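Asks: here is my input; please provide its structure:
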Amino acid sequence: MKRGAIFLIVILLALLVFNFRAELKTIGRRTCDRFFSGGAEEAREMEILLYFNNDKLDPEFSCNKTFPVKRLVGATKAPGRLSLEELFRGPTDVEKNAGYFTSLTQGIKINSIRIEKGVAYVDFSEELEKGVGGSCRVAAIRNQITQTLKQFPTVKEAVISINSRTEDILQP
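Replies: The predicted structure is shown next:
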């Protein structure tokens, strides 16, 4: 009986080792290195939220109402900038079919972005206000940018500027 139990344990251990090695091959060498070294590996992707208007979720179009969509993007040490750049690309075809749209114009660039004491200071190129008319659209643009930035715990509010100007920008 004792020999049978030992034999069974040896077989089970061999299966576990074989299965473990096969799993390591499947998930790749970097994961294997991380497992054995105990070190943390930087994530290659991250999930961000982008805020768009949506004519199906808000058929009356409330100027200050935006809705999040999730995007999987490459990991970065500047997620605020990356989120805004993704926001400027606008909704995907799938998102458009679900009713999402943007109030932002094409060609917007970020001149600078910094976060201090919970405030994101973002300076944009003049394209941010090109062709913008109406107080509702201005409110929608501000809300899309602000909500996209406020997803990050270090941002409580946003100050928007255009070519370093904060006065008389995004006027209806």
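
Asks: the bottom helix or strand of this protein by mean pLDDT?
Replies: helix 29-37 (a mean of 40; mean pLDDT, DSSP states H and E).

Asks: below-threshold pLDDT in the chain: ranges please.
Replies: 1, 4-5, 7-8, 10-43, 172 (pLDDT under 70).

Asks: could I get the full set of strands for it?
Replies: In the chain, the strands defined using DSSP state E lie at 45-54, 67-74, 100-101, 110-116, 119-124, 157-162.

Asks: could you dump these into JSON lines and include distance to K2 and mean neighbour count?
Replies: For glycine as for every other residue, the C-beta is placed from the backbone atoms N, C-alpha and C. Converted to JSON lines, those look like this (distance: least, Cβ to Cβ, whole Å; neighbours: other Cβ atoms under 10 Å):
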{"stretch": "strand 45-54", "distance to K2": "51", "mean neighbour count": "19"}
{"stretch": "strand 67-74", "distance to K2": "54", "mean neighbour count": "14"}
{"stretch": "strand 100-101", "distance to K2": "68", "mean neighbour count": "19"}
{"stretch": "strand 110-116", "distance to K2": "67", "mean neighbour count": "13"}
{"stretch": "strand 119-124", "distance to K2": "69", "mean neighbour count": "19"}
{"stretch": "strand 157-162", "distance to K2": "72", "mean neighbour count": "16"}
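
Asks: spatially central residue in the chain, please.
Replies: I48 (1.8 Å; Cα atoms, centre = their mean).

Asks: ok, and the closest non-adjacent residue to that residue?
Replies: Nearest non-adjacent residue to I48, counting by Cβ to Cβ, 6 or more residues apart in numbering: S83, 4.8 Å away.

Asks: what's the answer for K56, then?
Replies: Closest to K56 by Cβ to Cβ, 6+ apart is G99, at 3.1 Å.

Asks: quick one, phi psi at the one you found?
Replies: Note on G99: backbone dihedrals following degrees, to the nearest 10 are phi 100, psi 0.

Asks: that one touches L57, doesn't it?
Replies: Yes - applying Cβ atoms under 8 Å, one finds G99 in contact with L57, separated by 6.3 Å.

Asks: circling back to that earlier point, of all the strands of the chain, which lies closest to Q151?
Replies: Closest of the strands of the chain to Q151 is strand 45-54, at 4.7 Å (criterion: Cβ to Cβ).

Asks: report all helices and strands that that closest one contacts.
Replies: strand 67-74, helix 79-89, strand 100-101, helix 135-150 (3 or more Cβ pairs under 8 Å, 6 or more residues apart in numbering; DSSP states H and E).
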